[in-house]
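>>> Let me see the structure of the following:
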Amino acid sequence: MIFFLCLGLLQDTTLSDTVDAIRYQAGRITYDLDKSIIVLNDSSVITYKDIKLLSDSAYYYVETNYLEAFGECDLRQLEDSIIGNHLKYNLTNKKALMTQGKTQIEHGFIRGDEIYLVDDKTINSYGGRYTTCDDSPPHYYFYSPKMKVYLGDMIIAQPLFLYIHDVPVLGAPFWFVPISSRRKSGLLPFRLGNSSNWGKYIRDFAYYLVLSDYADITFQIDAMEKKGIMPHVEGVWDYAPYSKGILYASYINDTQLEKVRYSIEARNNSELFLFGSSFNCDIKYASDNSYRQDYAETTAIWLEQEIISSATLSRTIAGYKNNFSFERKQVFTDSTTSERLPYYSLTGPSHMLFSLVNYSVSGHISRDRYDAPDSTSEVIGANIHTSPTGQRNILNLFSLSPQFDFDLAIFDEDTLGNQWPTRAGYSFIVTASSNLFRVFDINVLGIHGILHKILPTISYTYTPDFNFARYPRVTGIPTYAHANRVGLGLTQELEAKIGENAKKINILRFILGSSYNLISDSLSDAAFSVSLPYNPFPKPITTFTTQIDGSIDPYTRDYTYSITNTTGFKLDFLSLSINQSYRREGTYQIWLNGDIKPTRHWSLRYSARYDWEDKRLVDYSFGLTRDLHCWEAVLNFNQLGDEWRYDFKIRIKSIPEVSIGKGLLGYIFE
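Alright, predicted model coming up:
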């Protein structure tokens, strides 16, 4: 027996038991009591727990707890939604099948001939397409006969084809695309390509492992036809303030060069280390001078000429700061290595003596080692140092600041072969300075008054002739060269109130200094410096600063100078920074950098250095970018001297790991 109701208005009915309730409504509801079927026509809506189904029409099979919807179907669960033209849904196990379905996942969309909702976190798609393009039809999509989607994680496809404007351009037996917006363990996209240096390669084949909310580790393997297999491991942690850092290591048995090569890097910052100390380190070590450059893909590493490693352990005890440090510098250009291990420094707090003299005590212990291809040297030294300083104001006219510098040092050996020689050195400096100023009431060109400050100084320095030439140079220990001189200095500053807000701005700073050597009865060169930091020009000139430095020989009147100027322009479509450097009878070089956006979709970034004497560009680089809606094309070019590199790729903006570049094209068309 069939019983039905036809209503002109939307009908809302609830079928419930003691546990759950199913709510359904439609323009017309038909009940088939013999078959236990409820038929909903004309804008049906079915709600069950956190599930909501909207469709043109639907069947609800009461005994099997099963839904079937037709027409425009929209299955919603919390924030997720699947849209299609035919749905089968089991309310008991929440498994569903949508034909001609579409759903949004993170920033992308999946369409499929058949989409199966396996569980709350898994979707299977057959005849599926995935894209991040929101145009219809999309500019590109990934097609796969079979896709498995792990919501909040990744999409795995087997096989996969990339279509651009419905034209297949690439294919792979399998692929995976990350779609998670949060940290999650899993495989990362890799790159295929071909290079003249590496041959055919697979790079960045990696597994990302989340260890905790504060640490993760990445295992990576690069396979290069001409070089071999290169494994990498990178660990990152953030347990601040106890420890925050990164550890990276790579290794390869280079089949082309027939040698083992490796690199290790580690950085750590610990504000709270053992027993109240702090620990900071930046360690870099490479098996050979060219290892990092041979496999680098960034200009910064390509131009790198040296690597520096350092580590410092610090703790303050009773007001005394203790630093135990290590430093190692490896220079690629001359194959030299310099080390300081260990280097210990002690710095005491400042104290006042008789409310007149401020003093503190410091000390160092250092072992300096220098390795060159044809020689090795090593020195050890320790010292205790203090520099008591006083300052008194004399009749409110000038201040007097005497300083006595004293140092006691011991070395492992001097140049004469003496073991553990000691020496004591000292010097005396007294400085007198004053501060004169005057205010000029000027109101012109937006200037509302100028403050002119004059700061003259005179100093006397005396250091006896200790003849310390036989003692080695050790980091942290002064050498005390013989001195007996009078120094003269004059600093002038102009500070103006500018604009409606009368903002104080320094518009000029002029420094002049010289000294008279009582030992040689001669004047030193007069050094001068002029700084003009104020930009007097309106927009679009955003920056205009000038620095002039030089010196004059008081006897021959020969002089030298250098001028540095920085000018910046900024418009809606153009920004440009010009740095000029000129040295008298020397070089004139110009640095240019900025960007141009001639249209909404094109942009060009550039930088260059021009040598006026050689009449050529010494080095330059540019990056050209074309916005292709969901894609972008990027061309980068760098040249330094006779060395140059370029890279070209077209990549998906939402998934930059997916790109078509010169390496991949070379792999395909070789």
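>>> and the next element down the chain from the helix or strand hosting residue 81?
Assigned by DSSP states H and E, residue 81 belongs to strand 80-90. With elements assigned by DSSP H and E, the helix or strand that comes after strand 80-90 is strand 96-105.
>>> Show residues contacting that following strand.
73, 75, 80-90, 109-117, 123, 125, 149, 151, 155, 179 (C-beta atoms under 8 Å, 6 or more residues apart in numbering). The C-beta positions use only the backbone N, C-alpha and C, and glycine is treated the same way.
>>> and those residues, which are buried?
73, 75, 82-84, 86-87, 89, 109-112, 114-117, 123, 125, 149, 151, 155, 179 (16 or more other C-beta atoms under 10 Å).
>>> Using the three-state scheme, assign the closest residue to residue 332 other than its chain neighbours.
In space, and not counting its chain neighbours, residue 332 is closest to residue 289: 4.2 Å by C-beta to C-beta, 6 or more residues apart in numbering. What DSSP: H, G, I helix; E, B strand; the rest coil gives for residue 289 is coil.
>>> Let the chain start at 173 from now.
Right, with 173 as the first residue, what we last looked at is residue 461.
>>> got a pLDDT number for residue 461?
Per-residue confidence (pLDDT) for residue 461: 74.
>>> doesn't residue 507 make contact with it?
Yes - the pair residue 461 and residue 507 passes the contact test of C-beta atoms under 8 Å, sitting 6.4 Å apart.
>>> quick one: which of these two has more around it?
Each of residue 461 and residue 507 has its neighbours counted (other C-beta atoms under 10 Å); residue 461 has more, 16 against 12.
>>> So which residues of the protein form helices?
463-467, 471-474, 834-841 (DSSP state H).
>>> Going by mean pLDDT, which of those helices comes out lowest?
Among those, helix 834-841 scores lowest, at a mean of 47.
>>> Okay, now the unreliable bits of the stretch 673-822 of the chain?
812-817 (pLDDT under 70).
>>> For it, which segments count as strands?
675-689, 694-695, 698-704, 713-724, 731-742, 746-755, 760-768, 774-783, 788-800, 803-812, 815-824 (DSSP state E, counting those that start in this stretch).
>>> Serialize these to TSV and add fields for mean neighbour count.
Converted to TSV, the strands of the stretch 673-822 of the chain look like this (neighbours: other C-beta atoms under 10 Å):
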stretch	mean neighbour count
strand 675-689	16
strand 694-695	14
strand 698-704	17
strand 713-724	16
strand 731-742	16
strand 746-755	16
strand 760-768	16
strand 774-783	16
strand 788-800	15
strand 803-812	17
strand 815-824	16
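>>> per the record, what domains does this structure have?
175-350, 363-521, 554-696, 759-842 (automatic domain parsing).
>>> list the contacts for residue 750?
737, 738, 739, 740, 762, 763, 764.
>>> redo that, cut-off 7 Å
Listed by C-beta atoms under 7 Å, 6 or more residues apart in numbering, the contact set of residue 750 reads 739, 762, 764.
>>> For the residue lying closest to the first one once chain neighbours are set aside, give the beta-bridge partners.
Think residue 739. Nearest non-adjacent residue to residue 739, counting by C-beta to C-beta, 6+ apart: residue 750, 4.7 Å away. Beta-bridge partners recorded for residue 750 (DSSP bridges): residue 739, residue 764.
>>> what do you get for residue 261?
With DSSP bridges as the rule, residue 261 is bridged to residue 239, residue 268.
>>> how close does residue 477 get to residue 464?
From residue 477 across to residue 464, the span is 11 Å (C-beta to C-beta, to the nearest Å).
>>> Then residue 824?
Counting by C-beta to C-beta, the gap from residue 824 to residue 464 is 29 Å.
>>> before we move on, the earlier item: run the chain-centre distance for the strand holding residue 253.
Strand 252-262 sits 44 Å away from the centroid of its parent chain (C-alpha atoms, centre = their mean, to the nearest Å).
>>> May I have it exported as PDB, CA atoms only?
The C-alpha coordinates for strand 252-262 follow below in PDB (Å, rounded to 0.1, in the frame of the first residue of the first chain):
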ATOM      1  CA  ASP A 252      33.400  19.900   3.700                       C
ATOM      2  CA  SER A 253      31.100  19.600   0.700                       C
ATOM      3  CA  ILE A 254      30.800  17.300  -2.300                       C
ATOM      4  CA  ILE A 255      28.600  18.400  -5.200                       C
ATOM      5  CA  GLY A 256      27.400  16.100  -8.000                       C
ATOM      6  CA  ASN A 257      24.400  14.700  -9.900                       C
ATOM      7  CA  HIS A 258      23.800  11.400  -8.200                       C
ATOM      8  CA  LEU A 259      24.600  10.300  -4.600                       C
ATOM      9  CA  LYS A 260      24.400   7.000  -2.800                       C
ATOM     10  CA  TYR A 261      25.000   7.300   1.000                       C
ATOM     11  CA  ASN A 262      25.100   4.800   3.800                       C
END
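>>> Next, count neighbours for residue 447.
Counted with other C-beta under 10 Å, residue 447 comes out at 6.
>>> Find the nearest non-adjacent residue to it, please.
Per C-beta to C-beta, 6+ apart, closest to residue 447 is residue 487, 6.9 Å.
>>> Can you report the mean pLDDT over the residues of stretch 215-222?
The model assigns stretch 215-222 a mean pLDDT of 84.
>>> mind exporting it as PDB, just the C-alpha atoms?
C-alpha atoms of stretch 215-222 as PDB (Å, rounded to 0.1, in the frame of the first residue of the first chain):
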ATOM      1  CA  SER A 215      14.200  20.800  -3.200                       C
ATOM      2  CA  SER A 216      14.700  18.000  -0.700                       C
ATOM      3  CA  VAL A 217      16.800  18.600   2.500                       C
ATOM      4  CA  ILE A 218      17.900  15.700   4.700                       C
ATOM      5  CA  THR A 219      19.800  16.300   8.000                       C
ATOM      6  CA  TYR A 220      21.400  13.600  10.100                       C
ATOM      7  CA  LYS A 221      23.900  14.400  12.900                       C
ATOM      8  CA  ASP A 222      26.600  16.600  11.200                       C
END
